[in-house]
Every structure is written in structure tokens, then in C-alpha cells.
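**Student:** this is a predicted model, with the sequence first.
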Amino acid sequence: MSEDYRGMWENLGLDLVAHDALLEVLGTGYGDIYLAQNDRPEGMGYFDFVMSEVHGLRIKELMDEKAAGRKVIGSFCVFVPEEIVRATDATLVGLCTGADFATDEVETLLPRNTCALIKSAFGFKLGKACPYLESADMIVGENTCDGKKKSYEIFNELVPNLYVMDLPQVKSVEGRALLKAEYLRFKEAVEQLTGVTIDAERLKSGIEIVNNKRKAIHRLTGLRKADPVPISGLDALLANQISFYDDPVRFTESVNKMCDELEQRIEKKEGVFSEKTPRILISGCPMAVPNWKLPWIIETSGAVIVGEESCVGERGARNLTDDSRDTVEELMEAIVDRYFQVDCAIFTPNPDRLEHIVEMARHYKADGVIHYGLQFCQPYLMEAMPVEKALEEKNIPTLRIDTDYSMEDVGQLKTRVEAFIELIK
Ligand code: SF4
Ligand code: SF4
């Protein structure tokens, strides 16, 4: 880290000992998994820097923004519309949910059989280890799966500023009306928090910033169709993960700059893995920082990941918001239209997701799909079976993996992944 940030962390109320331990594990894991890769694009240097400063410089930037009167809003889900937050010059950040932390304490508040993602959110709060959570002026929870919506009742006791957004579970006219009503309520809450009234110009600007970020991600994902693939799945995942933390304009520039380099690599037929390396599409639960376990296993077992059907991936970034309309009301409708297409497994029925996975497998020329389900995540584990059936009907080999954030099952997972890669070869 470029500076000593201990004073800042202390002011945020972090437990410095626990936080040091976290940073050490994060740094070692990053070195072993990321820096150990060969032939990485030079453009990844920016993302390595962002990761090295994820609790340092980026938090300092947020503190500076707050000192200048701007607000920080934390979220756990891609249903929270960043366009609305940006329209008030506030910053939306993803909150840490990718590692186990303070598990014993968490299990005094939540049942053991709760998914690792929810436990992680609680662990970072109870363990006082997440500077994003502590900097947030508002934390948005969303009524998606049962685990999340019930856990927010308890989380509400731990933080002073939880805002819960209700979400539809069915893609119906009534479901869309609920989403619209909730987004209008959220807009009001953000306006109240920031003291900024959102007019059409502000909303258009918010939409433009977020659309540009998504367009850059689309450009990056499109380049992964090439063989050899110019960037590893681990690195592409990292860029997606960082999109939830970084300044969106700087992020967009950095991704586009790296894409220029990747285009040159493709022209020269340069890749991170040799041509004809088995290509894998990952589908399922989101992978937040620092959840790199399964991609690391796959890419050290002789395959390359060419796409993520995930909220930290194409499910989260795939559609743009129409910014061609003129009034706040029309632009809000456009935002609702955009988010109502997100095909999270909390929706029932959810045929769009099945079609999208098949389409992605074809688009990225995947030789097989690995479905990643977090243990105790009912929506994704239940949906894994129809996903597998839909893919196998199209002769796309599929492997279902259920796991959590611990490293205990690495050996066993590696054996299964290696056998799957042998099969698809
Ligand atoms: S998987 Fe569903 S609940 Fe989770 S972040 Fe995505 S949309 Fe939200
Ligand atoms: S991983 Fe599954 S159970 Fe966990 S929060 Fe997401 S949808 Fe809910």
C-alpha cells in the first residue's frame, strides 16, 4: 500500500488486528492466484494496483468525497440501480461478501446452514473488517432470496443505516409495477440522503456513466470469444469484481485501454493459454472479491474460462439503460425496463436464464459449463438441475459444483474439475 492508512481505518472503527490479518491473507492469496499467472496483459497492472489499494487509496478517495459533501451507498445486489445513485453524485460500492470472516460470531446470529455470501456480510460487520461497510452512509439490502430477506431483519440491528428494497419474484405486470414503485421510493430516499433533486439531466448523466462502464465490460467479454483467449478468466473476473468498487469513469477508461491491448494480442494470435485449450463457461452464484477458488482450480487444471453467467459477470452487466428519453419519468421507466431483465434465480419461473446460459455457451464457444452453486443457496442449487438438463439437451457437457468459501474441498474439487476437462477434451 502506498501510504499508512491505519489512522483512517481506526477512525472508521475497524479492528486493526483483525483487519491486518485479513489484508495479509488477501495479499498472500492474490500473489499465489493472480501474480502467479503467466502472460497476463499489461493492462492488468492497473487492476493489480487497485487490488493492492482496495482498503487504502480507494477508501481515502471515498473519505475525500464524503468530506466534500458527497455520499457513499453500499449494496449487496445488482438490483440496486447505480444510475440513480450516480445522478446525485453519490458513489455506489459493492460490500464484501466473498470470504469467511468471524464465522463463530456469525453463527450466534444466523443458522449454520446459511449461504456463505450472507454469512460473509455479517462476518465483515461483526469482525469490523470492511472499510466500505463502515464508510457507507446508507446500506441497501434487497428482498431477493429468503436467506437475504430474513437476515436483513437481524442485520438491521447491527447497522444504523439499512434501507431495505422490496423486489418482485415473478416477471409479471404486477412484478414490474412493484419494481417501479420500489425504484421510485429508492430515488426519493437517495435524494433525501444526498440533498440533491434528480432532474432529467442528472439522471441522463448517471445513466451515461453506468452505460459506459457496462459497454467497456461488454467489449472485454466480447474479446474472450477469440482462440487463443487473450485474457484469463481469473483476470476478467477480477475486472468485473473491481467494477463494483472503483471510480466508474476511471474503471471504464482502464478497461477500454486494456481492450486495445487485447485486440492487438488477438491480431498476433497471442493468448494466455494455447490455442484449443478447453473452454469453460461458469454459471451460477456471484463471486465477490476475494472468491477466486473455483476459477483458480479450473485454470490450473488445463482449461480456460471464457465467460461468467453471474451477477459478477454477464447477468449483472449485460443490458444497457435506454438514455434516449427526455423526462425523469421516462428515464425511470427505462431503468425499470433494464433491471427487470436481470434473470436472477429468485424469479419463478425463470426460463430466460436457461436460454441465456445456452446462448452464452454458444457465443463464447464453450466446450462445457460448470455450474457453481453456493451451499445452502436454494434458488441457484434448485435451478442447477433444469440448467443441466437444458444444456445437456443441447449436447453441452455440464458439471455441477456445490461449495463454500473454505479451502477444505480444494483437492476434491480439483479431481472433479480435472475429470470434467478430460471428458470435454
Ligand atoms: S444473484 Fe440475485 S440476489 Fe444475488 S446479486 Fe444477483 S440479482 Fe442479487
Ligand atoms: S447465494 Fe443464494 S442464498 Fe446466498 S444470498 Fe445469493 S441467492 Fe441468496
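**Tutor:** Sure thing, it's come through. Ligands and ions are numbered 1, 2, ... in the order given.

**Student:** which residues touch the residue nearest to the spatial centre of the chain?
**Tutor:** Of all residues in the chain, the one closest to the mean position by CA atoms, centre = their mean is residue 312, 3.0 Å from it. Residues in contact with residue 312, defined by CB atoms under 8 Å, 6 or more residues apart in numbering, are 237, 240-241, 244, 286-288. Backbone N, C-alpha and C define where each C-beta goes, glycine included.

**Student:** and these as TSV, adding distance to residue 44 and pLDDT?
**Tutor:** As requested, these are exported to TSV (distance: CB to CB, whole Å; pLDDT from 0 to 100):
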residue	distance to residue 44	pLDDT
237	12	98
240	13	98
241	13	98
244	17	97
286	21	98
287	17	98
288	19	96
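
**Student:** nearest to residue 372 among those residues?
**Tutor:** Distances from residue 372 to the contacts of residue 312, taken as CB to CB, are shortest for residue 287 (7.4 Å).

**Student:** with adjacent residues omitted, what lies nearest to the closest one?
**Tutor:** residue 312 (5.2 Å; CB to CB, 6 or more residues apart in numbering).

**Student:** please report the distance of that neighbour from ligand 1.
**Tutor:** From residue 312 across to ligand 1, the span is 8 Å (CB to the nearest ligand atom, to the nearest Å).

**Student:** what do you get for residue 423?
**Tutor:** Here residue 423 is placed at a distance of 28 Å from ligand 1 (CB to the nearest ligand atom).

**Student:** distance of that residue relative to residue 108?
**Tutor:** Distance of residue 423 to residue 108, computed by CB to CB, to the nearest Å: 43 Å.

**Student:** neighbour count winner among the two?
**Tutor:** Applying other CB atoms under 10 Å to residue 423 and residue 108 shows that residue 423 carries more neighbours, namely 12 against 9.

**Student:** what sits against residue 339?
**Tutor:** 79, 81, 179, 183.

**Student:** the third one is in contact with residue 168, isn't it?
**Tutor:** Yes - with the criterion set as CB atoms under 8 Å, residue 179 and residue 168 qualify as a contacting pair; they are 5.5 Å apart.

**Student:** near ligand 1, which residues of the stretch 301-425 of the chain?
**Tutor:** Counting by CB under 6 Å from any ligand atom, the residues of the stretch 301-425 of the chain close to ligand 1 are 311, 342, 344, 346.

**Student:** filter those down to the buried ones.
**Tutor:** Using 16 or more other CB atoms under 10 Å as the burial test, those include 311, 342, 344, 346 as buried.
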